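Student: Below is the sequence, then the predicted model.
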Amino acid sequence: MSESIAHQPHAEVLTGPDAEQELSGMGLAVAPLSRACVEGLRTAVNQHSSFEPNIALGFSIWAKIVGSLRALLDERGWRSHDIANAPRSVNPDGTMAIAAIGGDENTACASSDPSNARARRKGSTFDAEVKNNGEGSSAPGFTQPCLDLGLDLGDLDDDGTRFNGLRTWMLLYFWDRGADELRLELSLPIACEDGVVTRWETRIILPAQDLSTDDDLRSNDDVPSPPAQDVDFEIIAIS
């Protein structure tokens, strides 16, 4: 069992010019990433109906942010992939993937360790991606447990390309309704337990997006707060 995240060494945290420089080396920039996430959030809110289930908005926010992010990256030569229904964008040389995932209230807080939203187990694809990141990690004091998940990331592409050495980054987002802001960070997980990240190697923190002047997104009682957790669907095989 992994140690509690509170007892793990802290990740390298990059902010301001250091964050911009790191993103530039990845072929990315702060403004387009932030804009894509805000646009995805706005689309989900605008399309929400009060007649929908309470859980619908949280799923829609995730789906629209994923779609907006992948459209942005597609324009930059990245390719969209859905490995075992896990949507990812992979850069042109196949060394880096990005997944958009809801984060907790510590998202983009440099002094606190964030986590992906605590919910159901993310599944073997997520575990394999984090394990693969950990195997290539140079983080001090880090050792990755040996896990046989029966999943080879090098065999997963749907067009014959093998992504050996692929590292999967998580674009964490957190909509803070009380502060009227969307917080974002692009971070590299290297250990997880039951689908929840317990250690990050690097965290690239983007500036918080002020939503207080956005008529669609500022605090509004007509728009429910999305649930803090994903929806858990149990799939049972019928013999």
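Tutor: In hand now; what should we look at?
Student: now the helices: where do they sit in this protein?
Tutor: Here the chain has its helices, by DSSP state H, at 16-25, 30-47, 56-75, 124-135.
Student: ok, and which of those has the densest surroundings?
Tutor: helix 124-135 (a mean of 21; mean count of other Cβ atoms under 10 Å). Where you see a C-beta, it was placed from the backbone N, CA and C, and this is true even at glycine.
Student: The helices of the chain: which one's closest to Leu184?
Tutor: helix 30-47 (5.8 Å; Cβ to Cβ).
Student: The closest one packs against which elements?
Tutor: Contact here means 3 or more Cβ pairs under 8 Å, 6 or more residues apart in numbering; DSSP states H and E; on that basis helix 30-47 packs against helix 16-25, helix 56-75, strand 167-176, strand 181-193, strand 209-210.
Student: Could you work out which of those reaches nearest to Ser49?
Tutor: helix 56-75 (8.2 Å).
Student: Now the closest one - C-alpha only, PDB.
Tutor: What follows is helix 56-75 as a C-alpha-only set of coordinates in PDB (Å, rounded to 0.1, in the frame of the first residue of the first chain):
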ATOM      1  CA  ALA A  56     -25.200  15.600 -15.100                       C
ATOM      2  CA  LEU A  57     -23.400  19.000 -14.800                       C
ATOM      3  CA  GLY A  58     -20.100  17.500 -13.400                       C
ATOM      4  CA  PHE A  59     -19.900  14.900 -16.200                       C
ATOM      5  CA  SER A  60     -20.700  17.600 -18.800                       C
ATOM      6  CA  ILE A  61     -18.000  19.900 -17.500                       C
ATOM      7  CA  TRP A  62     -15.500  17.100 -17.800                       C
ATOM      8  CA  ALA A  63     -16.700  16.100 -21.300                       C
ATOM      9  CA  LYS A  64     -16.700  19.700 -22.700                       C
ATOM     10  CA  ILE A  65     -13.300  20.500 -21.200                       C
ATOM     11  CA  VAL A  66     -11.900  17.300 -22.700                       C
ATOM     12  CA  GLY A  67     -13.400  18.200 -26.100                       C
ATOM     13  CA  SER A  68     -12.200  21.800 -26.000                       C
ATOM     14  CA  LEU A  69      -8.700  20.800 -24.900                       C
ATOM     15  CA  ARG A  70      -8.400  18.100 -27.600                       C
ATOM     16  CA  ALA A  71      -9.600  20.500 -30.300                       C
ATOM     17  CA  LEU A  72      -6.900  22.900 -29.300                       C
ATOM     18  CA  LEU A  73      -4.200  20.300 -29.300                       C
ATOM     19  CA  ASP A  74      -5.400  18.900 -32.600                       C
ATOM     20  CA  GLU A  75      -4.600  22.300 -34.200                       C
END
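Student: tell me what it is packed against?
Tutor: Counting contacts by 3+ Cβ pairs under 8 Å, 6+ apart, helix 56-75 is packed against helix 30-47, strand 79-83, strand 86-90, strand 96-102, strand 167-176.
Student: picking that back up, in JSON lines: the helices and strands packed on helix 30-47, plus mean pLDDT and distance to Pro114.
Tutor: Output for these, formatted as JSON lines (pLDDT from 0 to 100; distance: least, Cβ to Cβ, whole Å):
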{"stretch": "helix 16-25", "mean pLDDT": "97", "distance to Pro114": "15"}
{"stretch": "helix 56-75", "mean pLDDT": "96", "distance to Pro114": "16"}
{"stretch": "strand 167-176", "mean pLDDT": "96", "distance to Pro114": "6"}
{"stretch": "strand 181-193", "mean pLDDT": "96", "distance to Pro114": "7"}
{"stretch": "strand 209-210", "mean pLDDT": "96", "distance to Pro114": "16"}
